[in-house]
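Undergrad: let's see this in three dimensions:
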Amino acid sequence: MNSSALGIVVVTWLTLFIKIIRTKTHSKEQMDEHKIVPDVLDNVPPNVIQISYPSGQTVELGNELAPKQVKHVPSLQWPAVAGALYTLCMTDPDAPSRAKPTHGEFKHWLVVNIPGTDIKAGKTLADYLGSGPPHGSGFHRQPTGALDCNDRCVSSRDLEGRRSFKIRDFARKHGLGKPVAANFYLAKWDSYVPQLYAQFAIAMARKRCTIV
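TA: The predicted structure follows:
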């Protein structure tokens, strides 16, 4: 390799390294500022989950997204170790409002035993439910985290309710590792929310009928 090519390689790696450092610094600043740490997580994860919605929107560490933009299941990517299992969780710690979070964390999505980042191959314990902040409740934080399963399989019978769910308690109960990646956005009520509530009520009614 000549000196010119070597110089290009060095500059490329240096640029990548600086980008990684800046991303980690920004991640810590945003999660600290919005109190994702310590309200939801104990520590800032070392990586950021890349989250993209079919609407074309992406999650950018605290950007504002409308419920109508996040109503469909997103695609996600995070640095995964080959052969490792992960747990993916999305919650709302501000339910029904940040001033009075009596139902927080509200569970919006929970998938366990995910091989790598193949979410469809994991076991879904709570189907994806988009953001639905009540009218007048202000912005809600919507964090999503990926946790290492520590080579364990989480029981698929753990069907806790959506209200007052705590990812910390769930991780402790199942011996999960620390979050390896996370991201979050902010959402507040929009005109789509009543439709979301209606769809959720119908889904819950069907579930009760199935159980009976």
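Undergrad: could you count how many residues lie near residue 42?
TA: Residue 42: 10 surrounding residues under other CB atoms under 10 Å. For glycine as for every other residue, the C-beta is placed from the backbone atoms N, C-alpha and C.
Undergrad: please name the nearest non-neighbouring residue to it.
TA: Closest residue to residue 42 in three dimensions, ignoring its sequence neighbours and counting by CB to CB, 6 or more residues apart in numbering: residue 168, at 7.1 Å.
Undergrad: now do the same contact list for the one you found.
TA: Taking CB atoms under 8 Å, 6 or more residues apart in numbering as the definition of contact, the neighbours of residue 168 are 40-42.
Undergrad: all the strands of the protein, residue numbers only.
TA: Listed from the start of the chain, the chain has strands (DSSP state E) covering 47-48, 50-52, 63-64, 75-77, 85-92, 106-115, 123-126, 140-148, 179-187.
Undergrad: what segments of the protein are helices?
TA: If you assign secondary structure with DSSP state H, the helices in the chain sit at 3-33, 36-39, 167-173, 193-211.
Undergrad: contacts for the second one?
TA: What it means is helix 36-39. Counting by CB under 8 Å, 6+ apart, helix 36-39 makes contact with 30-31, 43-44, 93, 141, 143, 182, 184, all of which sit outside it.
Undergrad: could you tell me the least trusted of the helices of the chain?
TA: When the helices of the chain are compared on average pLDDT, helix 3-33 comes out lowest at a mean of 59.
Undergrad: right, I'll call it a day here.
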